[in-house]
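Novice: Got a predicted structure plus its sequence, pasted below:
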Amino acid sequence: MPIAKNYKPEFESIKDLILDIAQERSAELLLVMIVDRLAQRPHVALARIWLIKPGDICVNCTMQPDCPDQTRCLHLVAGAGLPLSHEGSDWVRLDGAGLRIPIGVGEAGRMAAFGEAEQLNHLEEDADWIERNEWARGEGILSFGGQPLLYKGEVLGVITLYSRIDMEQVKEGIFWLRMIANHAAIAMANARAFAEIEFLKKRLELENVYLREELDQTHASGGIIGRSQVIQNVLQQIKLVAPTDASVLIIGESGTGKELVAREVHRLSNRSAQPLIKVNCASIPSELYESEFFGHVKGAFTGAVKNRAGRFEAADGGTLFLDEIGEIPVMLQGKLLRVLQEGEYERIGEEITRKVNVRIIAATNRDIRQEVERGRFRQDLYYRLNVFPIEIAPLRKHKEDIPLLAEQFLKVAAKKLNRSPRRLASAELSALASYDWPGNVRELQNVIERAVIVAQPGTLYFDLPKYPVESARSTVPVGEESTEGEKILTEREMRDKERRNIFSALQLSHGRVYGPGGAAEILGLKPTTLMARIKKLGLKRPE
């Protein structure tokens, strides 16, 4: 609406605005509040705020030719006005005219470059300005004023006013605009500090949940143990890849210790001071994958009662361990690939694009190449993850490490269960070595912990299948037997072998034949059958 000839702006309400500025802790709400309150004044046609941020849309920006280095520019972050015509209907939009302004270009750009105020009066007489801003004549704009947002000598952005009266007629208005700019800059700096504190607080809470679990698992496992060449090769690979930021794909059967390898890679990396966050991809319901990875905002879906940060946000600056990577649905693999390639993602229900710097370590017990051929895993994602593969051999391939592993697990279990520490006898180690361990190191740890729980004083009973399990990856065809390299035993040698085997079982059971942990149970025989064989072989039970 036209301004009355006797109109005089009042400035008493600006004092209330400055008080409100000091109390607002949200930077986003602060900027919107300032332009809205300024635009409520009858003579203000348009109020806008730009902040200095990195260049982000340079390829599509209409002002790219005028931008000196395309590394920083002014981003329009808030706008409000009272247009007289439909041409001004997009003034409150942040994707219309003036979306980006190069530093040093135009009135706003000069304020950002030099930190000095700009003021233009009698714009109806300035043909150049009217030509550049042809909408100004139709909107009755007579003057322009702007102030840099300065905080401790740093220009954070600029605030501008397009007025329907000449500002030189009301010099008090320039003073108050400078006051608003100064208080806004301080409030923005404080708001950013509060936001950073809140972010760090939430991240710390998030990390505590994840890291407590990781710490418990680390203490329970005792680290990578073994002197075999197989283990030494793995340790050498870890030392090679850890100092880099390359993605690592750990391949191995379940229970081989893939997570321990991931922890060791992180521990020796340049990110060791930052969190290692684990995601078990096999345990996440398909409809919650995206929320688990990227987080969500309140109300994004049924059950989203509050904002939630995802695992990528928790791992920012550190390492994200994706266990059982082959379980991720194909529909989510594209979004995961985008994060790996561009370092960007959005929470569910939020349009803000977030940046993240995360190193990925993935693990699988599947043949991912076969999954790619079957169309169940994206080939481009596989190549992105498989930069440096580490293959973990099953325990049956390095049984020489069983004594070291067993002693460590026995020590950990005894401490955990408040039992007296002891060493494993040679007969007990022989029993462990005779088994093929399809569940690998994890099965060995569980068997020993069970043995400690049920142990009688001085006795350990290992709950193993009655006969050694065939290798899970045996290459011998079904229905055929492999005799290559095997020695043919005579009848006497067979009896001697049986005698030694029964005697070892009797030693392990401390001479007991009957009952739990007795030699009969260890050998998988009926006690009466075992007694008959002991008598037939002329064996004496050890004292």
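Specialist: Thanks, I have the structure now.
Novice: Quick one: the strands in the stretch 301-450 of the chain, in order.
Specialist: 308-309, 319-323, 344-345, 354-355, 359-364, 388-391 (DSSP state E, counting those that start in this stretch).
Novice: What pairs with the longest one, parallel or antiparallel?
Specialist: Same thing as strand 359-364. If you go by DSSP bridges, strand 359-364 pairs up with strand 248-251 (parallel), strand 319-323 (parallel).
Novice: Tell me which of those lies nearest to residue 182.
Specialist: Closest to residue 182 of these is strand 319-323 (Cβ to Cβ; 42.7 Å). Every residue, glycine included, has its C-beta placed from N, CA and C.
Novice: Using CSV, lay out the strands paired with strand 359-364 together with mean pLDDT, mean neighbour count and distance to residue 52.
Specialist: Shown next, in CSV, are the strands paired with strand 359-364 (pLDDT from 0 to 100; neighbours: other Cβ atoms under 10 Å; distance: least, Cβ to Cβ, whole Å):
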stretch, mean pLDDT, mean neighbour count, distance to residue 52
strand 248-251, 96, 24, 38
strand 319-323, 95, 24, 32
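Novice: Out of those strands, flag the one nearest residue 108.
Specialist: Across those, closest to residue 108 is strand 319-323 (Cβ to Cβ), at 40.6 Å.
Novice: Output that closest one as CSV, restricted to C-alpha atoms.
Specialist: Extracted as CSV, the C-alpha positions of strand 319-323 are listed here (Å, rounded to 0.1, in the frame of the first residue of the first chain):
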residue,chain,number,x,y,z
THR,A,319,35.2,-45.5,10.9
LEU,A,320,31.9,-47.2,10.2
PHE,A,321,32.1,-51.0,10.3
LEU,A,322,29.3,-52.6,8.2
ASP,A,323,29.2,-56.3,9.3
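Novice: List the contacts of that strand.
Specialist: 258-259, 262-263, 265-266, 269, 271, 274-282, 311-312, 328, 358-363 (Cβ atoms under 8 Å, 6 or more residues apart in numbering).
Novice: repeat that for 7 Å
Specialist: Residues outside strand 319-323 that contact it (Cβ atoms under 7 Å, 6 or more residues apart in numbering): 259, 262, 266, 269, 271, 276-281, 311-312, 358-363.
Novice: And the buried ones among those residues, selectable in ChimeraX?
Specialist: Burial among those is assessed by 16 or more other Cβ atoms under 10 Å; the matching ChimeraX selection reads:
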select :259,262,266,269,271,276,277,278,279,281,311,312,358,359,360,361,362,363
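Novice: quick one: buried residues of stretch 343-362?
Specialist: Using 16+ other Cβ under 10 Å as the test for burial, stretch 343-362 gives 345, 346, 347, 348, 354, 356, 358, 359, 360, 361, 362.
Novice: which residue is nearest the centroid of this structure?
Specialist: Taking Cα atoms, centre = their mean as the criterion, residue 312 is the residue nearest the geometric centre of the chain, at 2.6 Å.
Novice: And for that one, nearest residue in space, chain neighbours not counted?
Specialist: Leaving aside its chain neighbours, residue 312 sits nearest to residue 356 (5.1 Å; criterion: Cβ to Cβ, 6 or more residues apart in numbering).
Novice: That neighbour reaches residue 345, doesn't it?
Specialist: Yes: assessed by Cβ atoms under 7 Å, residue 356 is found in contact with residue 345 at 6.5 Å.
Novice: Check the contact lists of the two and give me the overlap.
Specialist: 312, 339.
Novice: all helices for the stretch 1-150 of the chain, in order.
Specialist: 12-23, 27-39, 106-114, 127-132, 135-138 (DSSP state H, counting those that start in this stretch).
Novice: Nearest to residue 297, out of those helices?
Specialist: Across those, closest to residue 297 is helix 27-39 (Cβ to Cβ), at 14.0 Å.
Novice: Which neighbouring elements make contact with that closest one?
Specialist: helix 12-23, strand 44-54, strand 72-81, helix 171-221 (3 or more Cβ pairs under 7 Å, 6 or more residues apart in numbering; DSSP states H and E).
Novice: With mean neighbour count, mean pLDDT and distance to residue 519 added, can I get these in JSON lines?
Specialist: Formatted as JSON lines, the helices and strands packed on helix 27-39 follow (neighbours: other Cβ atoms under 10 Å; pLDDT from 0 to 100; distance: least, Cβ to Cβ, whole Å):
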{"stretch": "helix 12-23", "mean neighbour count": "13", "mean pLDDT": "84", "distance to residue 519": "81"}
{"stretch": "strand 44-54", "mean neighbour count": "22", "mean pLDDT": "90", "distance to residue 519": "75"}
{"stretch": "strand 72-81", "mean neighbour count": "21", "mean pLDDT": "89", "distance to residue 519": "80"}
{"stretch": "helix 171-221", "mean neighbour count": "15", "mean pLDDT": "71", "distance to residue 519": "32"}
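Novice: May I see the ones you listed organised as JSON lines, with distance to residue 432 added?
Specialist: Shown next, in JSON lines, are the helices and strands packed on helix 27-39 (distance: least, Cβ to Cβ, whole Å):
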{"stretch": "helix 12-23", "distance to residue 432": "69"}
{"stretch": "strand 44-54", "distance to residue 432": "59"}
{"stretch": "strand 72-81", "distance to residue 432": "64"}
{"stretch": "helix 171-221", "distance to residue 432": "18"}
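Novice: Out of those, which gets nearest to residue 387?
Specialist: It is, among the helices and strands packed on helix 27-39 and with distance given as Cβ to Cβ, helix 171-221, at 23.4 Å.
Novice: ok, then the element right after that closest one?
Specialist: Per DSSP states H and E, helix 171-221 leads on to helix 229-241 as the next helix or strand towards the C-terminus.
Novice: name the helices or strands packed onto that following helix?
Specialist: Helix 229-241 packs on helix 258-267, strand 388-391, going by 3+ Cβ pairs under 7 Å, 6+ apart.
Novice: returning to that earlier point: quick check: which of the helices and strands packed on helix 27-39 is nearest to residue 240?
Specialist: Of the helices and strands packed on helix 27-39, nearest to residue 240 by Cβ to Cβ is helix 171-221, at 22.4 Å.
Novice: How about the secondary structure of residue 277?
Specialist: strand (DSSP: H, G, I helix; E, B strand; the rest coil).
Novice: Residue numbering should commence at 52 henceforth.
Specialist: In the new numbering, first residue 52, that becomes residue 328.
Novice: if I look at the closest residue to it other than its chain neighbours, how far off is residue 428?
Specialist: Leaving aside its sequence neighbours, residue 328 sits nearest to residue 366 (Cβ to Cβ, 6+ apart; 4.0 Å). Applying Cβ to Cβ, to the nearest Å, the value for residue 366 to residue 428 is 22 Å.
Novice: Those two: who's more crowded?
Specialist: residue 366 (27 against 21; other Cβ atoms under 10 Å).
Novice: How much space separates the more buried one from residue 54?
Specialist: To residue 54, residue 366 is 56 Å away according to Cβ to Cβ.
Novice: go on, residue 222?
Specialist: 18 Å.
Novice: Repeat that for residue 336.
Specialist: For residue 336 relative to residue 54 (Cβ to Cβ), the value is 61 Å.
Novice: Of those two, which one has the most company?
Specialist: residue 54 (15 against 8).
Novice: Let me see the contact set for the nearest residue to that one once chain neighbours are set aside.
Specialist: Distance criterion Cβ to Cβ, 6+ apart; nearest residue to residue 54, sequence neighbours excluded, is residue 215 at 5.2 Å. Residue 215 sits next to 54, 94, 96, 191, 192, 193 when contact means Cβ under 7 Å, 6+ apart.
Novice: now swap in residue 164 and tell me
Specialist: By Cβ under 7 Å, 6+ apart, the neighbours of residue 164 are 154, 155.
Novice: What are the structural domain limits within this structure?
Specialist: Residue ranges for the domains of the chain, per automatic domain parsing: 63-245, 273-444, 447-520+540-588.
Novice: about what we covered before: who are the neighbours in contact with the residue nearest to the centre of the chain?
Specialist: Neighbours of residue 363 in contact, by Cβ under 7 Å, 6+ apart: 344, 345, 371, 390, 396, 407, 409.
Novice: what about the helices in the stretch 302-451 of the chain?
Specialist: For the stretch 302-451 of the chain, helices defined by DSSP H, counting those that start in this stretch occupy the ranges 309-318, 340-345, 362-365, 381-393, 419-424, 430-436.
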